[in-house]
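Student: Next one to model:
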Amino acid sequence: MTDGYNRGRPRSEKARIAVLHAVDDLLVEVGYAAMTMKGIAERAGVGRQTVYRWWSNKAEVLYEASVVDAREELAVPTTGDARRDVAAYLGALIEFLSRSHAGAAYRALLGEAQHDPEVARLLSSGDVLEAGAGPVLDACADNSPLPRDQVAALLIGPVLFHILSGRPTGTLDPDTLADRFLRAVR
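Tutor: Numbers count the residues shown, from 1 in each chain. Predicted structure coming up:
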């Protein structure tokens, strides 16, 4: 797997996984502001130099952890039925953003990006949510007069806004959201 942060010697996969788990756990336990590279290294059981060799700052570690987990958590099998596929992705997105440690990491990074240009650049280098929606977007964007990025915004935006603004997730219905989305993109 290429992550874009390799510098120096090749990574130990065991150390990498330990660091990625540690950053998720620390985010949940102490929050983004209190998390440090030293704390991440201690929690992972690796040297601080090991963490700094691969990542420049805690945002990079958290971003990679979020990307790796999002690939798995947002992957939904496609059936060829656009409504069913969109609803399945939206259900996975709601779960990811509201209950997953990786989703908490992504939300923390979004908040930090509002006042830290480096974190904003990191997030703009690759959209975790849009990448997870890839197969669903491919099918829907091909049949829409709208550009793909606008189709992605229509798919992801309502759920993201709802969750980031603190509304209860129980009011989000993937089937209703899928119907609204499909009407909007056609």
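
Student: Quick check: can you list the domain ranges of the protein?
Tutor: If you go by automatic domain parsing, the domain ranges for the chain are 13-64, 69-185.

Student: could you redo these as TSV and give each row mean neighbour count?
Tutor: From N, CA and C alone the C-beta is placed, and that goes for glycine too. Below are the domains of the chain laid out as TSV (neighbours: other CB atoms under 10 Å):
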stretch	mean neighbour count
domain 13-64	18
domain 69-185	17
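
Student: Could you dump those into TSV and include mean pLDDT?
Tutor: Shown next, in TSV, are these (pLDDT from 0 to 100):
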stretch	mean pLDDT
domain 13-64	94
domain 69-185	93
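
Student: Can you tell me the closest non-neighbouring residue to residue 177?
Tutor: Sequence neighbours aside, residue 90 is the residue nearest to residue 177 in space, at 5.0 Å (criterion: CB to CB, 6 or more residues apart in numbering).

Student: Would you mind measuring from the one you found to residue 172?
Tutor: 8 Å (CB to CB, to the nearest Å).

Student: go on, residue 29?
Tutor: Separation of residue 29 from residue 172 (CB to CB) stands at 27 Å.

Student: One more: residue 35?
Tutor: 29 Å.

Student: cool, residue 13 as well?
Tutor: Residue 13 is 36 Å from residue 172, by CB to CB.

Student: Could you double-check that residue 94 sits in contact with residue 171?
Tutor: No. Contact criterion CB atoms under 8 Å: residue 94 and residue 171 do not qualify, at 10.5 Å.

Student: list the contacts for the residue nearest the centre of the chain?
Tutor: By CA atoms, centre = their mean, the chain has its centre lying nearest to residue 128, at 4.2 Å. Neighbouring residues of residue 128 by CB atoms under 8 Å, 6 or more residues apart in numbering: 66-67, 70, 74, 106.

Student: rerun at 6 Å
Tutor: Taking CB atoms under 6 Å, 6 or more residues apart in numbering, we find residue 128 in contact with 66-67, 70, 106.

Student: any chance of those residues in CSV, plus secondary structure and distance to residue 100?
Tutor: Output for the contacts of residue 128, formatted as CSV (DSSP: H, G, I helix; E, B strand; the rest coil; distance: CB to CB, whole Å):
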residue, secondary structure, distance to residue 100
66, helix, 9
67, helix, 13
70, helix, 8
106, helix, 9
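
Student: of those, closest to residue 132?
Tutor: Closest approach between the contacts of residue 128 and residue 132, by CB to CB: residue 70, at 5.3 Å.

Student: could you dump stretch 93-100 to CSV, C-alpha only?
Tutor: The C-alpha trace of stretch 93-100 is given here as CSV (Å, rounded to 0.1, in the frame of the first residue of the first chain):
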residue,chain,number,x,y,z
LEU,A,93,-21.9,6.9,5.6
ILE,A,94,-24.3,7.6,8.5
GLU,A,95,-22.7,4.8,10.4
PHE,A,96,-19.1,6.0,9.6
LEU,A,97,-19.7,9.6,10.5
SER,A,98,-21.7,9.0,13.6
ARG,A,99,-20.4,5.8,15.3
SER,A,100,-16.9,4.9,13.8
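
Student: Alright, that wraps it up for me.
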